[in-house]
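Asks: I need the structure of the sequence given here:
(2 chains)
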Amino acid sequence: MDRYNPQEIEKKWQARWEKEQTFRAAPKGKDLPKNLKTPKVFLAEMFPYPSGAGLHVGHVRNFTIVDVLARFYTQQEMNVLRPFGYDTFGLPAENYAIKTGISPQEATKTNITNFRKQLKRLGYAIDWSREINTSDPEYYKWTQWCFLQLYKKGLAYRKESYQWWCPVDQTVLANEQVENGCCWRCGHEVEKKKMKQWFFKITEYADELLADIDALDWPDKIKTMQRNWIGRSEGAEIEFEVASVANTYIKVFTTRPDTVFGATFLVLAPEHPAVKKLVTEETKAEVEKYQSDALKKSEIERQENKEKTGVFTGSYAINPATGEKIPIWVSDYVLMGYGEGAIMAVPAHDERDYEFAEKFDLPIKEVIEKPEGSSDDEKCYHGEGKLINSGHLDGTDSSEARELVINWLSEQGVGKQKVTYRMRDWLISRQRYWGCPIPIAYDEDGNEYPIPEDQLPVIIPEVKDYKPDNTGRSALAKAKDWLTFEMEVKDKKTGKMVKKKLTRETDTLDGYACSSWYLWRYVSAHDDKAAWDQKAIKYWAPTDVYVGADHAVAHLLYIRFWCKFFADQGYLPFREPVKTLLYNGYINAPDGKKMSKSKGNVIDPLDVIDQGYGADTLRTYEMFIGPYDQDAAWDPKSVGGVYRFLNRCWNLCFDETMHATSERGSSSDTLKGARPSLWSDEDLIPDVADRLVQRHKTIKKVTDDIHRHNFNTAVSTLMEYVNYLYKEKATAEDIVTLAKLIKPFAPHLACEMLEKMESDDIWPVWDEKYLATETVEVVVQVNGKLRAKISVAAEDLENQEKIEELALAEDNVKKFTSDGIKKIIFVKQAKLVNIVA
RNA sequence: GGCCGAGUGGCGGAAUUGGUAUACGCGUUCGACUUAAAAUCGAAUGAAGAAAUUCAUACGGGUUCAAGUCCCGUCUCGGCUACCA
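Replies: This is a model prediction of the structure:
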């Protein structure tokens, strides 16, 4: 007998899959599969950044989940689309280029080649004809096209604003790229810088992005994070007239308009544009110093020092509810980016305002009565209650008063209902070389001209030196031939077409823009007529199952935003890009800590394969390691256990001593070419009944488990089946069933077994009739404690009286029921009798 | 501080709708094979007890014929978030 040799058989099957292009989703040269009536499944993982280090075990877990599903659905004869791509723009390649002079284009090519080779060694069922790469001009041409669509609709715009700036990477960062006041890439503290930047107006879709979360088949964790990120607040916008400066109003946002009578001062963010109008001779110097200090303060300092600071502007506003004059202050606890950048302070009912009032000795006026018996012992009560000190609204319940106040202020023209979002517009320009160029140019007056669609792509020029220049512009500014050019444009004044000298935008797009549409590119990956083909998108998309372990908010929110936008433009026939999202956990080092090069605890998946375990063991192990959505620690000993299991599968097929033989001695011809030692079910009557039960139970359990994404228990079910077959020996049908069921996990081994058995790989179907056995075991409890098990004929389950009688007849039951029986509960479904004594 | 998870043998974990707690794997022990070891195969393995049995799903209560599962409270760990008005 040949021994299980993964090295040999994996090489053999990988070569065959490559040659036969086994995993192409469509016949050559066509976009759609032949049989459109078969259900389609579009599966994808979050495409990786192909780093020089190659695949790590985390990738393997992520990709194997997709692969198991792809193979499972393929075996069920569905049309499966399982493409692959690379997210190649980004800082690592650029920093590497700055350090070594090797161009990002070249480094990316090398890395992809390595990645592709490694992916093939894992035996993934990838349709390689659809491989995409975001830094390929063929791809980013269409990223630029997407940008222009957003630009046309006014959803891509330029605005001067204070932005997070990383002084090391020399680029602005989006809010979600700032972690604890530090750059997500290099970890350096970020600063605020006033710059003109490009944005996508994601806030336009805030309401829909929020509302549609409910219906998504996504993990609750991610749904909650997205809801929090969008951060919708309902409240009111209230205008406060400035007493000392004519015709000046300060708008504030509040979620508690019911407390307006208690607003005893206003607070403005240091960056608020009205501040310069409000300062007086005496306060000017001090306020300006406070403003410039606040700008210099890093996010970390702001967080560390929660002690309230602030300064009086010297001006007063009129509280529209009370008519009282109240002072206007400036403090950095009010953020310019949220609401109106100004608040009405109600110190009696808001902790932050309370602290501020205490510190600067400002009046505190209670306007909500704490209900009796309230356990809230905070200094300022922020719950609901009856209004007091609130003029005509005294005695009203605070929850009702909110609307009454809004209506009342609205009648006077100084207030209205308002919804505010925590989410800001998406900052997309980056001062980096290695990104998708923004297809915009400027004339000498700074007017914007989009590059016409037929002139795309704007190709990234090769440069010698990749360092950003010290003006905050990317290295693209160094490509002089590329930077300026002539283009026919409509003259802004005369409206005639004229040739104009233009300068290109040197900012590139945030990498998240490139990954916001790649799922749709997969349906017609190398289409040169459109970003995605309409017929193909209609058939394949949206993505049925999307698997990842990162980007809970950013990427998964942006892709939803683009989906809604392109749906509105008529390019997509759906409004949500991903039906089911699986979010897999991380794989940690054996010590339970995160794997990292510096700690030297990294497990290299290719090493595991080369040690002799093979790809099938690696794949199966990573599915068996635990529930896919939980973190798990790598255990080298358990890898050995999975290898032993696959080895046992192999033996059942190739070791004749493991084969069931018939005492009647007749060989079966039900399986052509099967070895003489191998017997079919038919030869084994009468012991065939239990065998069929085990087999069909296994088929059902494995099928259900994969549907539920319980990959770990699917594998353990197969282990139980193999243990059973080791005891009882295997028939031809057993071996074929086992091979088919294990194929999603260990495809090479399964193919080898199926080849030997001359069998197809079509997913087996269980028959309910084998699941119902002739005799069943009924559990007998007394007072909920297990006391006996009785074996009864299956049809007797309908006969409650008989079962109760049998149960009571058990010696061990009699022992515990000698004091009499109160009642008997019989649960047919659970096959259980509970006697209450 | 706020929100959301989780806590089961020596370890990773199973228990799908409230119905036999600890499947499967690792580890450990014993046995077979072997001159021997590895590999492989077989058996045992929550704790206490000779046994019947009792006690065990973080802790304390509750609901129920029956609770790992549901409810209330406490503790511990993890994730996200953090002056968002």
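Asks: what's the pLDDT at the residue in the stretch 651-800 of chain A that RNA strand B sits nearest to?
Replies: Using Cβ to the nearest atom of the strand, A:Gly784 is the residue of the stretch 651-800 of chain A that sits closest to RNA strand B, at 2.9 Å. All C-beta spots, glycine's among them, are computed from the backbone N, C-alpha and C. At A:Gly784, the pLDDT value in this model is 86.
Asks: helix or strand: which one has the closest residue to it other than its chain neighbours?
Replies: In space, and not counting its chain neighbours, A:Gly784 is closest to A:Asn834: 6.2 Å by Cβ to Cβ, 6 or more residues apart in numbering. In the assignment (DSSP states H and E), A:Asn834 maps to strand A:832-836.
Asks: which positions within that strand qualify as buried?
Replies: Across strand A:832-836, burial judged by 16 or more other Cβ atoms under 10 Å covers A:Leu832, A:Val833, A:Asn834, A:Ile835.
Asks: now do stretch A:605-616
Replies: A:Pro605, A:Leu606, A:Val608, A:Ile609, A:Tyr613, A:Gly614, A:Ala615, A:Asp616.
Asks: put the alpha carbons of that stretch into CSV.
Replies: Coordinates of each C-alpha in stretch A:605-616 appear next as CSV, following Å, rounded to 0.1, in the frame of the first residue of the first chain:
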residue,chain,number,x,y,z
PRO,A,605,2.0,28.5,6.9
LEU,A,606,4.4,27.4,4.1
ASP,A,607,6.8,25.9,6.7
VAL,A,608,3.9,23.9,8.1
ILE,A,609,3.2,22.5,4.6
ASP,A,610,6.9,21.8,3.9
GLN,A,611,7.4,20.1,7.2
GLY,A,612,5.5,17.2,5.6
TYR,A,613,2.0,18.0,6.9
GLY,A,614,0.8,19.4,3.6
ALA,A,615,-1.8,22.0,2.7
ASP,A,616,-4.7,19.7,3.5
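Asks: report the distance from that stretch to the chain centre.
Replies: Remark: stretch A:605-616 is offset 29 Å from the chain centroid, using Cα atoms, centre = their mean, to the nearest Å.
Asks: so what touches it?
Replies: A:6-7, A:10, A:54-57, A:59-60, A:118, A:121-123, A:617-618, A:639, A:643, A:646, A:745-749 (Cβ atoms under 8 Å, 6 or more residues apart in numbering).
Asks: do that again at 6 Å, thanks
Replies: Here stretch A:605-616 makes contact (Cβ atoms under 6 Å, 6 or more residues apart in numbering) with A:6, A:10, A:55, A:57, A:60, A:122-123, A:618, A:643, A:646, A:746, A:748-749.
Asks: hmm, back to that, so the residue nearest to A:Gly784 makes contact with A:Ile825?
Replies: Yes: between A:Asn834 and A:Ile825 there is a contact at 4.5 Å, judged by Cβ atoms under 6 Å.
Asks: after the least confident helix or strand in chain A by mean pLDDT, next one along is what?
Replies: Lowest on mean pLDDT, DSSP states H and E among the helices and strands of chain A sits helix A:299-304, with a mean of 60. Scanning forward in sequence from helix A:299-304 by DSSP H and E, the next helix or strand is strand A:311-318.
Asks: quick one: average pLDDT of that following strand?
Replies: Mean predicted confidence for strand A:311-318 is 94.
Asks: and it, is it in reach of RNA strand B?
Replies: No: residues of strand A:311-318 contacting RNA strand B under Cβ under 7 Å from any atom of the strand: none, with a closest distance of 13.8 Å.
Asks: now do that strand: distance to the chain's middle.
Replies: Distance, stretch centre to chain centre, for strand A:311-318: 46 Å (Cα atoms, centre = their mean).
Asks: which elements pack onto that strand?
Replies: Other helices and strands packing on strand A:311-318, by 3 or more Cβ pairs under 6 Å, 6 or more residues apart in numbering; DSSP states H and E, are strand A:232-242, helix A:284-296, strand A:325-330.
Asks: quick check: angle from the shortest one to strand A:232-242?
Replies: I take that to be strand A:325-330. Calculated by axes from the mean of the first three to the mean of the last three Cα atoms, to 10 degrees, strand A:325-330 forms an angle of 120 degrees with strand A:232-242.
Asks: do strand A:325-330 and RNA strand B meet?
Replies: No: contact of strand A:325-330 with RNA strand B (Cβ under 7 Å from any atom of the strand) is absent, the minimum separation being 12.2 Å.
Asks: beyond that strand, next helix or strand please.
Replies: Per DSSP H and E, the first helix or strand lying C-terminal to strand A:325-330 is strand A:342-345.
Asks: picking that back up, out of the buried residues of stretch A:605-616, who's nearest RNA strand B?
Replies: Using Cβ to the nearest atom of the strand, A:Tyr613 comes nearest to RNA strand B of those, at 11.8 Å.
Asks: need the three-state assignment for that closest one.
Replies: Here A:Tyr613 is recorded as helix under DSSP: H, G, I helix; E, B strand; the rest coil.
Asks: next, count neighbours for the residue lying closest to A:Asp819 once chain neighbours are set aside.
Replies: Counting by Cβ to Cβ, 6+ apart, A:Asp819 lies nearest to A:Ala837, which is 6.1 Å off, once chain neighbours are set aside. By the measure other Cβ atoms under 10 Å, the count of residues near A:Ala837 is 14.
Asks: same check on A:Tyr124?
Replies: Per other Cβ under 10 Å, the neighbour tally for A:Tyr124 reads 25.
Asks: do the one 5 residues further on as well
Replies: By the other Cβ under 10 Å criterion, the neighbourhood of A:Ser129 contains 15 residues.
Asks: pLDDT value on the spatially closest residue to it that is not a sequence neighbour, please?
Replies: Distances taken as Cβ to Cβ, 6+ apart place A:Arg24 nearest to A:Ser129, at 5.7 Å, with adjacent residues excluded. pLDDT recorded at A:Arg24 is 90.
Asks: so A:Arg24 sits in a strand?
Replies: No: secondary structure of A:Arg24 (three-state DSSP): coil, not part of a strand.
Asks: quick one: it and A:Asp127 touch, right?
Replies: Yes: counting by Cβ under 6 Å, A:Asp127 is a contact partner of A:Arg24 at 5.3 Å.
Asks: distance check, the closest residue in space to A:Ala263 that isn't next to it in sequence against A:Lys251.
Replies: Distance criterion Cβ to Cβ, 6+ apart; nearest residue to A:Ala263, sequence neighbours excluded, is A:Met344 at 3.8 Å. Separation of A:Met344 from A:Lys251 (Cβ to Cβ, to the nearest Å): 10 Å.
Asks: settle it for me: which of the two has more neighbours?
Replies: A:Met344 (28 against 16).
Asks: quick check: can you name the pairing partners of the helix or strand that A:Leu502 is a member of and their directions?
Replies: Under the criterion of DSSP H and E, A:Leu502 resides in strand A:497-504. Pairing partners of strand A:497-504, with direction, according to DSSP bridges: strand A:440-442 (antiparallel), strand A:484-490 (antiparallel).
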